[in-house]
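1. predicted model follows, preceded by the sequence.
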Amino acid sequence: MSGMLDDTSAQIVRRLMQVGGSTIPELSRAIERSTVTVRRRLLELESQGAVEVVARHHVRGPGRPEKVYSLTLRGHVLLPDNYQELACRLVEHLFTALPDSEARVLLAGSAVQLAESLSRGWPEDPALRRRRALQALDARGYFPAWREAAPGQGIVFGHCPYLLATTRVRDVCIFDSSLVMGLLHSEVALGASIAVGEPACVFLTVDIPRSYRIK
């Protein structure tokens, strides 16, 4: 996010987004910073994979050609985005436009597709799949952990990456249940949910009392 950048770097990223590519002197004039400062920030952004040299401008007179810098795909991610609102609107529209049962099928199907993509080539050994699943979920901001305690073993999420969507449409939790099942190759039951104010989401891989399940 843009909040991760200092003011000068953020201005450089925005400028490159607007014009598509610039040399250091061009950026220096556009954002009113010295060429030394711009060069330093560009080197930092380049080391992060956010910008790249896409061409060289030959200038009149002596001296080396000037490098033209442009944003990479990673650089575009540094710009402000609004995925959360888009996701919320899409989910709300899905459950408005379709019967709930059909909307749930679509959510579950999208999670299954994601699980298949993430787990392609994984071993079938349960312990190894569990380890891979935790790594994949951690990379997506779920803060997962494996629990071996009553009323059953399973995966615990310490964070819901799209909590706002779940508070608007509770059935979004079906996505996570289907994702965990696809990654573990095991049936799971939702035993607790952050969406209803509980401290964590719990996906149990064994049968649990009906009274413990969240409808």
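-> Perfect, thanks for sending it.

2. quickly list the domain ranges of the chain.
-> The chain resolves into domains spanning 2-77, 97-212 when parsed by automatic domain parsing.

3. which of the ones you listed sits closest to residue 83?
-> domain 97-212 (9.1 Å; CB to CB). C-beta coordinates here come from the backbone N, C-alpha and C atoms, glycine included.

4. pLDDT (mean, whole number) over that closest one?
-> In this model, domain 97-212 carries a mean pLDDT of 88.

5. re earlier: out of the domains of the chain, flag the one nearest residue 88.
-> Evaluated with CB to CB, those place domain 97-212 nearest to residue 88, the distance being 4.9 Å.

6. spatially central, which residue of the chain would that be?
-> Centroid-nearest residue in the chain: residue 140, 5.5 Å away (criterion: CA atoms, centre = their mean).

7. leaving out the residues flanking it, which one is nearest to that one?
-> Of all residues not flanking residue 140 in the chain, residue 161 sits nearest, at 6.4 Å (CB to CB, 6 or more residues apart in numbering).

8. thought residue 167 was touching residue 195?
-> Yes - assessed by CB atoms under 8 Å, residue 167 is found in contact with residue 195 at 6.0 Å.

9. could you report the neighbour count for residue 116?
-> Using other CB atoms under 10 Å, residue 116 has 11 other residues around it.

10. repeat that for the one 4 residues further on.
-> Other residues near residue 120 come to 7 when the count uses other CB under 10 Å.

11. check the gap between it and residue 113 for me.
-> Applying CB to CB, to the nearest Å, the value for residue 120 to residue 113 is 11 Å.

12. what of residue 169?
-> Note on residue 169: its distance to residue 113, by CB to CB, is 20 Å.

13. list the buried residues of the top helix by length along the chain.
-> In the chain, with assignment by DSSP state H, the single longest helix is helix 100-118. Buried residues in helix 100-118, counted by 16 or more other CB atoms under 10 Å: 103, 104, 107, 108, 111, 114, 115, 118.

14. the last one and residue 180 touch, don't they?
-> No - under the criterion of CB under 8 Å, residue 118 lies out of contact with residue 180, with a separation of 11.4 Å.

15. which of the helices or strands spans the residue nearest to residue 87 when sequence neighbours are not counted?
-> Distances taken as CB to CB, 6+ apart put residue 165 closest to residue 87, at 5.3 Å, once the chain neighbours are dropped. Element membership of residue 165, judged by DSSP states H and E, is helix 163-168.

16. toward the C-terminus, what is the element adjacent to that helix?
-> helix 173-184.

17. so what does that following helix touch, helix or strand wise?
-> helix 100-118, helix 126-139, strand 152-157, strand 189-192, strand 201-204 (3 or more CB pairs under 8 Å, 6 or more residues apart in numbering; DSSP states H and E).

18. and it, C-alpha only, in PDB?
-> Provided in PDB are the C-alpha atoms of helix 173-184 (Å, rounded to 0.1, in the frame of the first residue of the first chain):
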ATOM      1  CA  CYS A 173     -17.400 -18.200   5.500                       C
ATOM      2  CA  ILE A 174     -18.200 -21.000   3.100                       C
ATOM      3  CA  PHE A 175     -15.300 -19.800   1.000                       C
ATOM      4  CA  ASP A 176     -12.900 -20.500   3.800                       C
ATOM      5  CA  SER A 177     -14.400 -23.800   4.700                       C
ATOM      6  CA  SER A 178     -14.100 -25.000   1.100                       C
ATOM      7  CA  LEU A 179     -10.600 -23.600   0.800                       C
ATOM      8  CA  VAL A 180      -9.400 -25.500   3.900                       C
ATOM      9  CA  MET A 181     -11.100 -28.700   2.800                       C
ATOM     10  CA  GLY A 182      -9.400 -28.400  -0.600                       C
ATOM     11  CA  LEU A 183      -6.000 -27.800   0.800                       C
ATOM     12  CA  LEU A 184      -6.200 -30.600   3.400                       C
END
